[in-house]
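J.: What follows is a predicted structure for the sequence shown.
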Amino acid sequence: MQRKQFGKRGVQQSVPQFGDRNTSYASAGMPAYASAGGGAATFDDDDNFSIGKMLGLAFGMLFSFRGRLGRMEYWVIGSIRFVLFIAVLIAFVFAVGPHMSGLSEEQANIALMKYAFGTVQGGVMTFLLLTLTLCQWSLEARRCHDRDSSALYLLILFIPIIGSLYAIYLFIVNGFFPGTPGPNRFDTVRSQAQIFD
């Protein structure tokens with residue numbers, strides 16, 4: 001008679017790697033998540049699930065500069081980020097606008113700094129604007145990685161006039177051109193959307 005063993009939920013399955021575009025995560029019975037630290041996340045046991053892992057996953061998805069990002073995620077996250085950025089920016093302008101009417105340029109700059117860093121409301125809005133800007137840089141860097149291009153080229157954006165032209169080019173290639181098929185030199189972290197790209 002065979003004894004039933006308790007404590008194990010079945011046979012340990014091998015975790016598919018994110019470098020393979022042809023991997024079927026549904027057929028392997030594994031969720032298609034990418035960890036923020038690198039490699040495939042191992043959520044193979046429900047007991048290991050935690051809010052911390054989900055927050056780490058979300059933080060890595062929004063702010064990590066390592067790995068690759070597919071076009072679908074780039075558009076979804078980028079669109080939400082853009083709408084939030086515009087909403088916070090409009091709120092910031094409407095909040096600080098009445099305080100700046102009738103001031104000289106120097107006085108307006110001082111009033112703007114006092115509001116942005118001297119009030120709680122202004123500090124929260126400034127923090128949100130900086131956070132959403134960091135998120136955009138992260139998205140652009142990982143899309144460059146997906147096309148097997150270094151994210152250091154993003155520094156061209158700081159060059160006057162040339163940076164504006166490069167921003168248009170970057171929007172077109174990152175938004176509409178597919179990444180390199182299969183693994184490339186930036187394959188330390190793969191995202192879920194890469195499977196669908």
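T.: That came through fine.

J.: contacts for stretch 162-178?
T.: 71, 74-75, 140, 143-144, 147, 153-154, 156-157, 159, 197 (C-beta atoms under 8 Å, 6 or more residues apart in numbering). From N, CA and C alone the C-beta is placed, and that goes for glycine too.

J.: and with 7 Å instead?
T.: Arg71, Tyr74, Trp75, Glu140, Arg143, Cys144, Arg147, Ile156, Leu157, Asp197 (C-beta atoms under 7 Å, 6 or more residues apart in numbering).

J.: any idea of the mean pLDDT in the helix ranked longest in the chain?
T.: Identified as the longest helix of the chain according to DSSP state H is helix 71-100. For helix 71-100, mean pLDDT rounds to 90.

J.: by contact count, what packs against it?
T.: helix 105-118, helix 120-146, helix 162-176 (3 or more C-beta pairs under 7 Å, 6 or more residues apart in numbering; DSSP states H and E).

J.: ok and the first one relative to helix 71-100, angle-wise?
T.: Computed with axes from the mean of the first three to the mean of the last three C-alpha atoms, to 10 degrees, the direction of helix 105-118 lies at 120 degrees from that of helix 71-100.

J.: now the most centrally placed residue in the chain, what's its secondary structure?
T.: For the chain, Leu62 is the residue whose C-alpha lies nearest the centre (C-alpha atoms, centre = their mean; 2.7 Å). When classified by DSSP: H, G, I helix; E, B strand; the rest coil, Leu62 comes out as helix.
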